[in-house]
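Visitor: Mind folding the following:
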Amino acid sequence: MRNKRLAIVSVCLLWLAPGLLCAETPQYDVSGDVTVVTSDRLVFDYKKQYALFEGNVLVSDPEMDLKAQSLIIKFSEESEVQSIVAKTGVIIEQADKRAEAGVAVYDVISGKVVLEDNPRVRRGKDILTGDTITFWRDENKMVCEPRARLIIFPEEGGARAKLIGD
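Guide: Here you go, the predicted structure:
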């Protein structure tokens, strides 16, 4: 009976979040456009429509990687992912960009990502900090407020580097 319930929960999780796989050691091909979530613990509530990953959470996605201590995924009644909230030691890496924060909230529908609790975004050597950093994933738009601080380093071989080298 217990194995039957576990199988039903597993099937429901895979049905609710297509492409969302949670296994410590995958025994299948996870290349391509697959998102893999691993953690020490998973709590899934079908009625309340959420999945809670706790402890050493790692999300590997073709577009980015995310690390945190907890991750909550909320689903709509149509089983679509609505929002993702990552907490404690959040690190998001994408190409040459790295974001760090205590909390990251992603609204899937609008593509809006809000970083709070000492957020910091790096691109190359440049660093942006503030109380809240908000950006839209599909737009080239970012808002940092209040106490926005941007540190821009000169590019190697740029005008400032040439002056120093002469």
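Visitor: Next, count neighbours for residue 73.
Guide: By the criterion of other Cβ atoms under 10 Å, residue 73 has 23 neighbours. From N, CA and C alone the C-beta is placed, and that goes for glycine too.
Visitor: Can you verify my assumption that it contacts residue 48?
Guide: No. Using Cβ atoms under 8 Å, residue 73 is not in contact with residue 48, being 11.7 Å away.
Visitor: host element of the residue sitting nearest the centre point of the chain?
Guide: Taking Cα atoms, centre = their mean as the criterion, residue 66 is the residue nearest the geometric centre of the chain, at 4.3 Å. In the assignment (DSSP states H and E), residue 66 maps to strand 65-75.
Visitor: same deal with residue 138?
Guide: Secondary structure assignment for residue 138, by DSSP H and E: no helix or strand.
Visitor: What is the burial count for it?
Guide: If we define neighbours as other Cβ under 10 Å, then residue 138 has 8 of them.
Visitor: next one: residue 124
Guide: Using other Cβ under 10 Å, residue 124 has 11 neighbouring residues.
Visitor: For the closest residue to it other than its chain neighbours, grab phi and psi.
Guide: In this structure, residue 124 finds its nearest non-sequential neighbour in residue 96, 5.7 Å apart by Cβ to Cβ, 6 or more residues apart in numbering. With angles defined as degrees, to the nearest 10, residue 96 sits at phi -90, psi 10.
Visitor: Tell me how many other residues crowd residue 96.
Guide: 9.
Visitor: what does residue 63 give?
Guide: 9.
Visitor: now swap in residue 39 and tell me
Guide: Residues lying near residue 39 (other Cβ under 10 Å) number 21.
Visitor: Now do the nearest residue to it once chain neighbours are set aside against residue 42, distance only.
Guide: What sits nearest to residue 39 in space, not counting adjacent residues and going by Cβ to Cβ, 6+ apart, is residue 53, at 3.8 Å. Computed as Cβ to Cβ, to the nearest Å, the residue 53 to residue 42 distance reads 6 Å.
Visitor: do residue 36 as well
Guide: Note on residue 36: its distance to residue 42, by Cβ to Cβ, is 13 Å.
Visitor: quick one: which of residue 53 and residue 42 has more around it?
Guide: More crowded of residue 53 and residue 42, by other Cβ under 10 Å: residue 53, with 24 against 17.
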